[in-house]
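Student: Whatever this is, show me its structure:
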Amino acid sequence: MTAHTAPETVEGAPLIKPSTTDHPLYDTVVEACRSVYDPEIPVNIYDLGLVYTIEIGAENDVMVFMTLTAPGCPVAGEMPGWVAGAIEPLPGVKTVDVQLTWEPPWGMEMMSDEARLELGFM
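Tutor: Modelled structure (predicted):
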C-alpha cells in the first residue's frame, strides 16, 4: 500500500508579501511606523494594519508597502512621506521607499488587538 500524498498544486503568491522580520533593523523600523498616525483615527498606522510589508535589503535599503483605510483618504498624498520621514533618520538605514497599494483592500480585520481595543471594537 502506498502513502497517499496530496496532489501538487501551484499556489499563487500571498496577497501580502512577508516582511523581512529577521533583519536587525526590522523592530526599529516597525517602531518608526508606529510613530505615524492616521489623522482621522487615534491609532498608529502599524497597529491599524496599514503597513503590509517591510522589506529590508542587505544594504539596509528599506521598502515599505502600505495602504490607507480608503482610496479617498484626504492624506493619501502625504502619508507615504510621513512614513519615509519616520524611517529615514534611523541609524543604519540607507534609503527608504514607501509604496501605496490598494491590493488587498484594507479591512478592520487587519487591525491589531490593541487597535481594536483602543477604538472600542473589543
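Student: Would you check how far apart the residue lying closest to P104 once chain neighbours are set aside and Y52 are?
Tutor: Distances taken as C-beta to C-beta, 6 or more residues apart in numbering place L15 nearest to P104, at 4.5 Å, with adjacent residues excluded. Backbone N, C-alpha and C define where each C-beta goes, glycine included. From L15 across to Y52, the span is 9 Å (C-beta to C-beta, to the nearest Å).
Student: Compare neighbour counts for the two and give me the winner.
Tutor: Counted by other C-beta atoms under 10 Å, L15 and Y52 do not tie: Y52 has more neighbours, with 20 against 10.
Student: Wait, a helix at the more buried one?
Tutor: No. Counting by DSSP: H, G, I helix; E, B strand; the rest coil, Y52 falls outside a helix, being strand.
Student: Is it correct that it is in contact with M66?
Tutor: Yes. Applying C-beta atoms under 8 Å as the test, Y52 and M66 come out as touching, 6.0 Å apart.
Student: Residues that sit against both of these two, list them.
Tutor: T101 (C-beta atoms under 8 Å, 6 or more residues apart in numbering).
Student: Need the three-state assignment for V62.
Tutor: On the three-state scheme (three-state DSSP), V62 is labelled strand.
Student: That one - how many residues pack around it?
Tutor: V62: 26 surrounding residues under other C-beta under 10 Å.
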